[in-house]
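Engineer: any chance you could fold what I've pasted below:
(2 chains)
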Amino acid sequence: MQFPILSVIVFLPIVVGALLLFLPPKNRKLIYGVALAVGLTAFLLSLVVYFSFDANGPRYQFEEQYAWLPQLGVSYHVAVDGITAPLVLLTGVVIFTGVIISQRIDERPREFFAFLFILASGVFGVFVALDMFALFFFYEIAVFPMYLLIALWGWKQTREYAAMKLTLYLFIGSVIALVGGLAMYFASGLGTFDMVALEAANFSPEFQRLWFPFVFFGFAVLGGIFPFHNWSPDGHVAAPTAVSMFHAGVLMKLGAFAALRVGIMLLPEGARFHLPWIILLTLVNVVYGAFIAMVQTDFKYMIGFSSVSHMGLVSMGFATLNYNGFVGAGVQMFSHGVMTALFFAVVGMVYDQAHTREIPKLGGLVKYMPFVAVAFIIGGLASMGMPGLSGFIAEFPIFMGLWGGGYAWIAIVAAISIAVTAAYILRAVGRVFFGEVPAELEGHMHDITRSEKLALGLFCLIMISVGIFPTLIVPVVQSGVNVILSLVGGA
Amino acid sequence: MAFVNAHLLSLILFSPLLGALIVLLLPGKNKNLIRRVALVLSIVPFVFTLIAWLGFGNAPVIDGFRYQQQAVWYPAINSSYHLGVDGLSLSMVLLTTLLTPLAILASFSIEDKIKPYMALFLALETGMLGVFLSLDLLLFFVFWEIGLVPMYFLIDQWGSPTGERELWKGMKVSARRYASFKFIVYTMAGSLGLLLAIQMLGVVSGTFDLIALFQSWPSISGTLFGLSAATVKTAAFWAFAIAFAIKIPVWPFHTWLPDAHTEAPTAGSMILAGVLLKLGAYGFLRLVLPLYPEQSHQYAGTLAFLATAAIIFGAFAAFAQRDFKRLVAYSSVNHMGFVVLGIAAAAFAAGSEHANIALNGAVLQMFNHGISAAAMFFLVGVIYERTHTRDLEEWGGLFPLVPVFGGLLIFSSMASLGLPGLGSFVSEFLVVRGAWPVFTVYTALSMLGLLFTGAYVLKGISKTLHGPLNEKWKGHLSEINRREILVLAPLLLFMLWIGFWPAWLLSVINQAVVTLFG
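Structural biologist: So this is what the prediction gives:
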């Protein structure tokens, strides 16, 4: 039997998370050390999975299957394909860096890391699950710790409101999706939750058209689709830094991915029927999100809305239902995850020291934290789609997908967001990192630690290498896209 | 040597970027070391360019391009790393690799954050060279955009430290922040149409390779996206044309230029005027004319009109300035107008003898303006560094105090004015000669514009050097130093060399013109 690497990745965090609770609460060094070891292990294992994934190999790799609830047709069935392999790597990167960034958590670090690891296990689980029941199971595991993490460790002014809002939105979404999932289970007559089997269920077109919106929107809420995006900026802002990184970096992809996996791939006729109007919603995401980001004065809200805008591109790529659109969306999920995790890390570092996130009250920080400034600039350039960085590699095919799918005017309107993004990113760079240092900040700012530099450097390295060598990721994504296309039809 | 020959263009393209990384790794304290290393590193691409130039005639030609290289880059959307040069791009590469070391030498007086400054400068060179070397439409766009970033930071961080601009209701920002922001957002917004059109071309043709596109794209007919192919092509033509017109800049898209040029540090202005403006003209020659021959012919009249407007208004606006640097900035609008006029004439009469003459003139004018604008901006920088003012009214009668500087200023001004015997005369003559039979009225008006060129150039000289001496400079103004003369000397030599014997450059340019449009 081969080494069950995926199960190890999925269960390592949650098991160690539970064990953490038995450590002495006072010994913060030990707690952090254990957490860091888990983060590093998860990161290294995800690297192994990503780089040993063979783009020319079978569809599913590292597959494992055990009976779970055989009476209901539920099994523990996990594997990665070309779409999920980059997402597993992304999760590994974010858990590792997230632990580093959380080094300075003072309040109950033991519980904090325990919940963070439960969250990580849930996320890994959703990405690798091939069984719909398991997918829902892990999905809920990922959403539930968010509430506690935000409500207990979040920003004091809004944390209770934001935690409640986020949890309600996501639970309602997942319940709606679950109803759709159960409908599929019963309608298929196969008596199984296995998604690979359900792909061949041949649901009637009427069934698909009826249920597709339930499943798609139920999950897409977590992807931040308009008009259900409202929870996300509030949630991002209220969450502690590492949780925001996880949330915007990985959790939003969970929504987009599940909408793809359960919605588009299992109900392709429903997708073909509904996505042509859903693409309009994603256009609102992309353009309106960018404009809203531009008018924010709170640094973290600005980043939060920029995520709404960029995640709109992911759903937009899916909605084109063609090769270029899917490739772009697949790369964008990875690229946006890295980029936005970097943003939230930077915002957290600035806030920790300046104790304000109001952009007009900041300034000149490049003098104190040059490394942070450079990292933010690189991330900012990636987010405005600057060639040479991963954002361009992702966005370009999405736009080509729009052209190829006959959505020429949507491509033209969506392009406005690129200029708007450039404007708000440069404004933030100029106001926060350059210019005069305000008198209140004089003297209390200092540079970040070496391990924090390592975290930011890792993000930058990923964005630059993907930007210069797209072949690092694109062939993997392509292999996943080919499978999707064979299900939904199209070139 | 075999390695060098096989990868010559990649070496030219990436040696500056590698240089930037080396500069970043140097110890931060030793400023002189950083300066010298940056200078030496910037000479490396120039040496490679010379190798390419000398071997140009013997290098094998495939589809009109030499030294081609191709490698996998982004296979999912059929874009590859494809480089190649012809006479047109090689002369621009020569201009870039020549001006960059001079600009770096000119920056030796920079004291603030010298390390990132030099690194950005070298990175900028890679961006510019990439545009000239790319034979893949997507790769072209990649470098087109990348070049904006270092220039943005050069203006924003090292631009002139004084000056404020009021945005609205008393809210003020520093002038260099205003200028750099306007520069990058204006150019990026202008490139959005280009980006969309490139995506559209890629979707329709299934490739971004320029050689393949030159073959297939102009002959596409029928319907695209529910519209007639001609309509789509016209829209795409304008998307390309506007992006390039902003960069050149053609009137009325020029408003970013006076701000950016004025606020940029001296070396930044040299490169902006010397090379960056040429990227736009190069885009017209490399992409617009071959990809849209019909549309270019159809709208050549509009382009010629805009060029004439740029020549005349540019000259008037330059004459009206009190700020010497702004004067030189507007002179770029004026001189680049001749490049556009030549392109317009060639677009209208493609294939004729007049078109070839006009095109030769346009490309030579690009080269000459690069040399003379760099020299002029540098001279303005020299005097600004000493007097901390750019106001023409503050100077006056400086000739006796700084005779060498005065002589060099007059020499460069004459080159920019188009005095026979110096480079610009040859190129402007060729443009006018080629354009006259094609657009007689516009050409005639443009020649009247030349008259005003004389007026503003002389205004610049007389306000600085002649008239009553402004006493406050007596004893406070030092003569141009040896390093500064070293920056200028090559530029002045090129002006003379091209003025007296343009054949060495024209023969290379003409080869490209004949293969591409002949």
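Engineer: residues contacting residue 469?
Structural biologist: No chain specified, so I'll use chain A. For A:Phe469, no contacting residues are found, by CB atoms under 8 Å, 6 or more residues apart in numbering or on different chains. Just so you know, the C-beta spots here come from the backbone N, C-alpha and C atoms, and that holds for glycine as well.
Engineer: not quite, go with chain B.
Structural biologist: Contacts of B:Leu469 by CB under 8 Å, 6+ apart are B:Gly396, B:Gly397, B:Leu398, B:Pro400, B:Leu401.
Engineer: helix/strand/coil for the closest residue to chain A within the stretch 1-150 of chain B?
Structural biologist: Closest approach between the stretch 1-150 of chain B and chain A, counting by CB to the nearest CB: B:Val142, at 3.7 Å. Secondary structure assignment for B:Val142 (DSSP: H, G, I helix; E, B strand; the rest coil): helix.
Engineer: that one - how many residues pack around it?
Structural biologist: 26 (other CB atoms under 10 Å in any protein chain shown).
Engineer: phi first, then psi, for B:Ser398.
Structural biologist: Residue B:398: Leu, not Ser. With angles defined as degrees, to the nearest 10, B:Leu398 sits at phi -80, psi -10.
Engineer: that older thread, neighbours around the residue nearest to the residue of the stretch 1-150 of chain B closest to chain A when sequence neighbours are not counted, how many?
Structural biologist: Nearest residue to B:Val142 in three dimensions, chain neighbours excluded: A:Pro387, at 3.7 Å (CB to CB, 6 or more residues apart in numbering or on different chains). The local packing of A:Pro387 (other CB under 10 Å) involves 23 other residues.
Engineer: repeat that for the one 3 residues further on.
Structural biologist: Using other CB under 10 Å, A:Ser390 has 28 neighbouring residues.
Engineer: touching, it and A:Val338? I think so.
Structural biologist: Yes - A:Ser390 lies in contact with A:Val338 (CB atoms under 8 Å); the separation is 6.9 Å.
Engineer: biggest strand in the chain by residues?
Structural biologist: No chain specified, so I'll use chain A. strand A:61-69 (DSSP state E).
Engineer: my question was about chain B, not that one.
Structural biologist: strand B:65-74.
Engineer: relative to that strand, what are the paired strands and their orientations?
Structural biologist: According to DSSP bridges, strand B:65-74 has the following sheet partners: strand B:61-62 (antiparallel), strand B:79-85 (antiparallel).
Engineer: mean pLDDT lowest where, among those?
Structural biologist: In terms of average pLDDT, strand B:61-62 trails the rest of those, at a mean of 86.
Engineer: in which helix or strand does B:Val173 reside?
Structural biologist: strand B:171-174 (DSSP states H and E).
Engineer: so what are the sheet partners of that strand and their directions?
Structural biologist: strand B:164-168 (antiparallel).
Engineer: tell me how far stretch B:149-164 lies from the chain's centre.
Structural biologist: With CA atoms, centre = their mean, to the nearest Å as the basis, stretch B:149-164 stands 19 Å off its chain's centre.
Engineer: may I see the buried residues of that stretch?
Structural biologist: In terms of neighbour count (16 or more other CB atoms under 10 Å in any protein chain shown), stretch B:149-164 has its buried residues at B:Val149, B:Pro150, B:Met151, B:Tyr152, B:Phe153, B:Leu154, B:Ile155, B:Asp156, B:Gln157, B:Trp158, B:Gly159, B:Ser160.
Engineer: dump those residues into JSON lines; add pLDDT, distance to A:Thr241 and secondary structure as well.
Structural biologist: Formatted as JSON lines, the buried residues of stretch B:149-164 follow (pLDDT from 0 to 100; distance: CB to CB, whole Å; DSSP: H, G, I helix; E, B strand; the rest coil):
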{"residue": "B:Val149", "pLDDT": "89", "distance to A:Thr241": "27", "secondary structure": "helix"}
{"residue": "B:Pro150", "pLDDT": "91", "distance to A:Thr241": "31", "secondary structure": "helix"}
{"residue": "B:Met151", "pLDDT": "91", "distance to A:Thr241": "33", "secondary structure": "helix"}
{"residue": "B:Tyr152", "pLDDT": "91", "distance to A:Thr241": "29", "secondary structure": "helix"}
{"residue": "B:Phe153", "pLDDT": "90", "distance to A:Thr241": "27", "secondary structure": "helix"}
{"residue": "B:Leu154", "pLDDT": "90", "distance to A:Thr241": "33", "secondary structure": "helix"}
{"residue": "B:Ile155", "pLDDT": "89", "distance to A:Thr241": "33", "secondary structure": "helix"}
{"residue": "B:Asp156", "pLDDT": "87", "distance to A:Thr241": "28", "secondary structure": "helix"}
{"residue": "B:Gln157", "pLDDT": "87", "distance to A:Thr241": "28", "secondary structure": "helix"}
{"residue": "B:Trp158", "pLDDT": "87", "distance to A:Thr241": "33", "secondary structure": "helix"}
{"residue": "B:Gly159", "pLDDT": "81", "distance to A:Thr241": "34", "secondary structure": "coil"}
{"residue": "B:Ser160", "pLDDT": "78", "distance to A:Thr241": "39", "secondary structure": "coil"}
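Engineer: what about B:Ala243, neighbour count?
Structural biologist: 27.
Engineer: same check on A:Leu36?
Structural biologist: 17.
Engineer: quick one: pLDDT of it?
Structural biologist: 91.
Engineer: so which bits of the host helix or strand of it are buried?
Structural biologist: If you go by DSSP H and E, A:Leu36 is part of helix A:28-52. Residues of helix A:28-52 classed as buried by neighbour count (16+ other CB under 10 Å): A:28, A:31-32, A:34-36, A:38-39, A:41-43, A:45-46, A:48-50.
Engineer: could you find the lowest-pLDDT member of those residues?
Structural biologist: A:Arg28 (82).
Engineer: quick check: closest non-adjacent residue to that residue.
Structural biologist: A:Pro109 (5.6 Å).
Engineer: stretch B:412-427: end-to-end distance?
Structural biologist: End-to-end distance for stretch B:412-427, by CA to CA, to the nearest Å: 16 Å.
Engineer: what comes up buried for that stretch?
Structural biologist: Buried, per 16+ other CB under 10 Å, within stretch B:412-427: B:412-419, B:422-427.
Engineer: which one of those residues is nearest chain A?
Structural biologist: Nearest member of the buried residues of stretch B:412-427 to chain A, counting by CB to the nearest CB, is B:Ser427, at 32.3 Å.
Engineer: quick revisit: export the buried residues of stretch B:149-164 to CSV and tack on distance to B:Ser15?
Structural biologist: Below are the buried residues of stretch B:149-164 laid out as CSV (distance: CB to CB, whole Å):
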residue, distance to B:Ser15
B:Val149, 19
B:Pro150, 16
B:Met151, 20
B:Tyr152, 23
B:Phe153, 21
B:Leu154, 20
B:Ile155, 25
B:Asp156, 26
B:Gln157, 24
B:Trp158, 23
B:Gly159, 27
B:Ser160, 31
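Engineer: next up, the contacts around A:Thr41.
Structural biologist: A:Leu12 are the contacts of A:Thr41 under CB under 8 Å, 6+ apart.
Engineer: and the gap between it and chain B?
Structural biologist: Distance, A:Thr41 to chain B, using CB to the nearest CB, to the nearest Å: 32 Å.
Engineer: most proximal residue of the stretch 51-200 of chain A with respect to chain B?
Structural biologist: A:Ala55 (11.2 Å).
Engineer: what residues does stretch A:356-368 touch?
Structural biologist: By CB under 8 Å, 6+ apart, the list of residues contacting stretch A:356-368 reads A:296-300, A:302, A:347, A:350-351, A:353-354, A:372-373, A:427-428, A:431-438, A:440-441, A:445-447.
Engineer: go with 6 Å
Structural biologist: A:297-300, A:351, A:354, A:373, A:431-433, A:435-438, A:445 (CB atoms under 6 Å, 6 or more residues apart in numbering or on different chains).
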